[in-house]
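Chemist: Dropping a prediction and its sequence here:
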Amino acid sequence: MESRGKMLNAVKYAGGSLLTIGFIIFLAGLLESGYSVLTPVGIGMVSGAIFIFLMGVFFVATEEMYEKTDKGIEVASPIQTKKSTIAGAPFGRS
C-alpha cells in the first residue's frame, strides 16, 4: 500500500502543478493581447496535466487489481459427460 500511496502523491503533485501553471499561462494568453501564442500552450498544459493524473490513477488501480487476483487456481476434476447407455446410439437413443 505504501508504494501506491507514493505514486498517487507523485501524480497528484505533478498533475496539480502542471494544471496550475497551464491555467496561469492560459489566462495570460487570453487576457494579454500581445501573447496570443500562450493560449494554446496553456490549453495543452491543462489537458496534459489531466492526462498525466488519469494515467497515474489508472496504473495504481491496475496494480492493485493485479495484486488482488488469485493466480494458479487448479481445477479439481474436469467436467464429466454422460455416456450413452447403448453403444453407437447418440444421446441414448436407439
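Modeler: Yep, it's here.

Chemist: Next, count neighbours for Tyr35.
Modeler: By the criterion of other CB atoms under 10 Å, Tyr35 has 13 neighbours. In short, each C-beta sits where N, CA and C put it, glycine included.

Chemist: Settle this for me: it is touching Ala28, isn't it.
Modeler: Yes. With contact defined as CB atoms under 8 Å, Tyr35 reaches Ala28; the gap is 6.4 Å.

Chemist: Could you look up the SS state of Gly34?
Modeler: Secondary structure assignment for Gly34 (DSSP: H, G, I helix; E, B strand; the rest coil): coil.

Chemist: residue contacts, it?
Modeler: Neighbour list for Gly34: empty [criterion: CB atoms under 8 Å, 6 or more residues apart in numbering].

Chemist: any idea how far Leu54 is from Pro8?
Modeler: If you look again at residue 8, you'll see it is Leu, not Pro. Between Leu8 and Leu54 the distance, using CB to CB, to the nearest Å, works out to 12 Å.

Chemist: Tell me which of these two has more neighbours.
Modeler: Summary of the neighbour comparison: Leu8 and Leu54, criterion other CB under 10 Å, with Leu8 having more neighbours (15 against 12).
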